[in-house]
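Enquirer: I would like the atomic coordinates for the input below:
(2 chains)
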Amino acid sequence: MSLLDGARGSLTELSRPERWVLGVSAAFALFLLAALLTGALGPTYFLFLVGLAGMYALLSFGLNAQWGFTGLINFSVAAFFGIGAYGSALMTADSSPIAGGFNPLVGLVVALVVAFVLALLIGIPTLRLRADYLAIASLGLAEVVRLIVLNERWLTNGSAGLRGIPSFFQGWPVLSTFPEAMPGLRLVVIPGSPILLETSFWQSLLNVMLVLTFAGVTYLVLRRAHRSPWGRVLRTIRSDEDLARALGKNTYSFKMQSFILGSLIMALAGVFYTHLNLYVGPGDLDPITTFYAWVAVILGGSGSNRGALFGGIVIVTIREGTRFLNDVALPIDPAPLRLLLIGVVIVAVMRYRPQGILPPQRELIWPSAVDGGGTPETPDSGVREQKGGGSNE
Amino acid sequence: MTVLGYLANGLVFSSIIVLGSIGLSLVYSIADFANFAHGDTMTIGAYAALVTFGAVGGLGGAVLGLPYGFFLALVVGIAVAAVVAVGTEKLIYEPLDVDSIGLLITSIGIAFIYRAVIQIRFGSDFTRFGIQPLRPIESLVPYGVRVTLHDVAIVGSAVVLVGGLHVLLQYTDLGRKMRAMADNPDLARVSGIRTKRVKLWTWVIGAGLAGAGGVFLGLFNQLSPRMGFNLLLVIFAAVILGGIGSVYGAMAGGFLIGMINQLTPFFSNVVEALPIWPGWLAAIVRGLISIEYANAIAFVIMVVVLLVRPNGIAGEGAT
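Expert: From the prediction side, this is the model:
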């Protein structure tokens, strides 16, 4: 949680948009807390939302590893997400037409392997293409994947989808029985509206812990990768592929590595979704999932992982906020309203802040080198230029 | 159905795809980005025509089984699609300070806004124009061709529109300017062409043709808020097959993709009959060449063309 660390440091060090995001996040958190305490928002549902936000953040991390790092316009996010979800569901669900009943860990491994193969299948032909062709081709191949999942009933159950999926912790020593073992709690904050914490709450809590683990590990891996020499090559490819090639880098191979890394993270989001939602259907491969991830990434700032986190939260707010609005105030069908908001956010970001709200800063070198913490003994000229010059590429 | 029957269906569907792909290709070459809102521009045209037709009614007589009012609705659909596209260009795309990838992403947002507005107004269900469906033309049925007078009207109108565009591009001043701009925008500008105005006309023509395609798609199938977006990738496949930026390539590509799409059941019959060995290969091929995968086949063709011949079958004129 870099946002919290930043706040603890000092507010003055933050840039204006950072302070702005922090303020809005704090206000939003207070609002949610108030809703929780008054019982307007059920704690189980709240945890479901947190899980969903984590899932979108994970999806955005994956896209960030492709678009933010390397500049690959991948419009097949939904395919990798769906393959991850189907891979683990087919291994674990009771209603699975092929195997089923395996440990969810087996499902996780199978999902990642299948996503790896799919990344190779989609990446090998498309990664040589020009940027806008890559966008069209990857969207087309994602549709092919969706059509296969929809029509090959012997493999995927077709449009009926898969039910009877166990929780991720099924078969684990302690955690599998943890929700049942925990006592039902009854908290009364405001008299008359008690908050009940029962089995489903503890189940959701476990899910949240799971997604936090996934997202945390991914975040650390990506941050490390971003600063490594490998990440520097990727950023060079993003700004000028010809330059990277002139420096002797095999750009196709680097693009493939970044594509596979991102795809695996998207599949991980899909695996989590399977065990969160406990139902997987072909609708989950709808292109809209791709564009949710895109909105999250461009809103947060391409290449910025904390931006992706922020974008994920915004997406869940739009997704569930429209449903809430429909129930409470406006009787507008939430689906088109959601679409409208997503569209407006895309246009507004591109119009007023194309670099995103939290663009990555000082992304060319280790931050400590600039802050004077780790001045190199023989500073090469690049460092000095960075220190004096702009922080963005 | 016989081969002729499938070919006839392919011709009708091709007409719609051609109308869509010309506009997409024009905008791709002159405004220089892949416009993902093009499919939803078709939807706008279709719904504008639906509203108009509902308001004015049949207006007396009928041509080719279509009441006069429908042709008025077609004109309104074309006009509304063009006006919306020009408005979007003026309000959104022109003030933007981003590269072509940024414009591409913006156009996705625009596509969602178009579709959302239509869905809020009309709901997400399928609708039809209030026109009585016709029986297939009797004299053609013995040949296995089951086309209605409506289908003839679609093909005829498409031929008229495409012919008009050909005349415009080849023999008018605007057409020459557009071709110059598609070729090299900077050079066109220093030669004194008002590129902004040409760009606006490009939007008018491209979106107008898309609007017509949308109206015909609604007549051929049904209307739904997703109709355009669902067709968008097929149209992209056609544009890429023909070579991006080449209007005549887009026509050829649209024709081929539309044909392949509608001929898929025929191909699947052929594959059924072929003695493929070994058996598992036959099963796979038979499974994949089936009506469910008609669109998927177009997408795979698109990717193959991008890899093997990125300039398309027309070769020239690609940016």
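
Enquirer: so what's residue B:297 up against?
Expert: Residues in contact with residue B:297, defined by C-beta atoms under 8 Å, 6 or more residues apart in numbering or on different chains, are B:260-261, B:264, B:289. (Each C-beta comes from the backbone N, C-alpha and C, glycine too.)

Enquirer: where are the low-confidence patches of the chain?
Expert: Looking at chain A here, since you left the chain open. Within chain A, the stretches with pLDDT under 70 are A:1-13, A:187-196, A:361-393.

Enquirer: not what I meant, chain B
Expert: Within chain B, the ranges that satisfy pLDDT under 70 run B:314-319.

Enquirer: can you pull the contacts of the residue lying farthest from the centre of it?
Expert: Using C-alpha atoms, centre = their mean, the residue of chain B lying farthest from its centre is residue B:278. It sits 39.7 Å away. Contacts for residue B:278 (C-beta under 8 Å, 6+ apart) come out as none.

Enquirer: distance of residue B:202 relative to chain A?
Expert: The gap separating residue B:202 from chain A is 18 Å, by C-beta to the nearest C-beta, to the nearest Å.

Enquirer: next SSE after the helix or strand hosting that residue?
Expert: Taking DSSP states H and E as the definition, residue B:202 sits inside helix B:195-220. For helix B:195-220, the following helix or strand on the C-terminal side (DSSP H and E) is helix B:227-242.

Enquirer: following that next one, which helix or strand comes up?
Expert: The helix or strand immediately downstream of helix B:227-242 is helix B:247-273, counting by DSSP H and E.

Enquirer: which of the residues in that next one are buried?
Expert: Across helix B:247-273, burial judged by 16 or more other C-beta atoms under 10 Å in any protein chain shown covers B:247-268, B:271.

Enquirer: which residues touch stretch B:191-211?
Expert: Residues from elsewhere that reach stretch B:191-211 (C-beta under 8 Å, 6+ apart): B:19-20, B:22-24, B:26-27, B:30-31, B:38, B:41-42, B:44-46, B:48-49, B:77-82, B:84-86, B:89-90, B:161, B:165, B:168, B:174, B:177-178, B:180-181, B:185, B:188-189.

Enquirer: which of the residues you listed fall within helices?
Expert: Using DSSP state H, the subset of those located in helices is B:19-20, B:22-24, B:26-27, B:30, B:38, B:41-42, B:44-46, B:48-49, B:77-82, B:84-86, B:161, B:165, B:168, B:174, B:177-178, B:180-181, B:185, B:188-189.

Enquirer: residues contacting residue B:21?
Expert: By C-beta under 8 Å, 6+ apart, the contact list for residue B:21 reads B:235, B:238-239, B:242, B:250-251, B:253-254, B:257.

Enquirer: max pairwise distance over these: which two?
Expert: Taking C-beta to C-beta as the measure, the contacts of residue B:21 span a maximum distance of 12.3 Å, between B:235 and B:251.

Enquirer: thinking again about what came up before, now the contacts of residue B:297 as a markdown table including distance to residue A:132?
Expert: Below are these laid out as a markdown table (distance: C-beta to C-beta, whole Å):
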| residue | distance to residue A:132 |
| --- | --- |
| B:260 | 24 |
| B:261 | 24 |
| B:264 | 28 |
| B:289 | 30 |
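
Enquirer: what's the closest of these to residue A:268?
Expert: residue B:289 (34.3 Å).

Enquirer: how many residues are close by that closest one?
Expert: By other C-beta atoms under 10 Å in any protein chain shown, the residues close to residue B:289 number 19.

Enquirer: ok, it to chain A distance?
Expert: The spacing between residue B:289 and chain A, counted by C-beta to the nearest C-beta, is 12 Å.

Enquirer: these two touch, right, that residue and residue B:269?
Expert: No: counting by C-beta atoms under 8 Å, residue B:289 sits too far from residue B:269 to count as a contact (9.6 Å).

Enquirer: show me what the helix or strand residue A:86 falls within is packed against.
Expert: Under the criterion of DSSP H and E, residue A:86 resides in helix A:77-92. Taking 3 or more C-beta pairs under 8 Å, 6 or more residues apart in numbering or on different chains; DSSP states H and E as contact, the helices and strands that helix A:77-92 lies on are helix A:43-63, helix A:104-126, helix A:131-151, helix A:153-156, helix A:251-277, helix A:287-300.

Enquirer: dump the residue contacts of the residue in the stretch 201-319 of chain B that chain A sits nearest to.
Expert: Closest to chain A within the stretch 201-319 of chain B is residue B:299: 3.5 Å, counting by C-beta to the nearest C-beta. Residues near residue B:299 by C-beta under 8 Å, 6+ apart: A:140-141, A:143-144, B:233, B:237.

Enquirer: same deal with residue B:82?
Expert: Residues in contact with residue B:82 (C-beta under 8 Å, 6+ apart) are B:203-205, B:207-208, B:211.

Enquirer: what do you get for residue B:147?
Expert: So residue B:147 contacts B:8-9, B:12, B:136-137, B:140 (C-beta under 8 Å, 6+ apart).

Enquirer: please pick the buried ones from the residues you listed.
Expert: For those, buried by 16+ other C-beta under 10 Å: B:8-9, B:12, B:137.

Enquirer: what would those residues look like in JSON lines with secondary structure?
Expert: As requested, the buried ones among the contacts of residue B:147 are arranged in JSON lines below (DSSP: H, G, I helix; E, B strand; the rest coil):
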{"residue": "B:8", "secondary structure": "helix"}
{"residue": "B:9", "secondary structure": "helix"}
{"residue": "B:12", "secondary structure": "helix"}
{"residue": "B:137", "secondary structure": "coil"}
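
Enquirer: next, count neighbours for the residue in the stretch 51-200 of chain A that chain B sits nearest to.
Expert: Nearest residue of the stretch 51-200 of chain A to chain B: residue A:140, at 3.5 Å (C-beta to the nearest C-beta). Residue A:140: 26 surrounding residues under other C-beta under 10 Å.

Enquirer: what's the separation between it and residue B:309?
Expert: 16 Å (C-beta to C-beta, to the nearest Å).

Enquirer: ok, back up a step: from the buried ones among the contacts of residue B:147, which is closest to chain A?
Expert: Nearest to chain A among the buried ones among the contacts of residue B:147, with distances taken as C-beta to the nearest C-beta, is residue B:9, at 20.6 Å.

Enquirer: which residues touch the closest one?
Expert: Residue B:9 touches B:147, B:262, counting by C-beta under 8 Å, 6+ apart.

Enquirer: so how far is residue B:239 from it?
Expert: Separation of residue B:9 from residue B:239 (C-beta to C-beta): 22 Å.

Enquirer: max-length helix in chain A?
Expert: Chain A, longest helix under DSSP H: helix A:199-227.

Enquirer: specify the angle between that helix and helix A:251-277 in degrees.
Expert: Angle, helix A:199-227 to helix A:251-277, by axes from the mean of the first three to the mean of the last three C-alpha atoms, to 10 degrees: 170 degrees.
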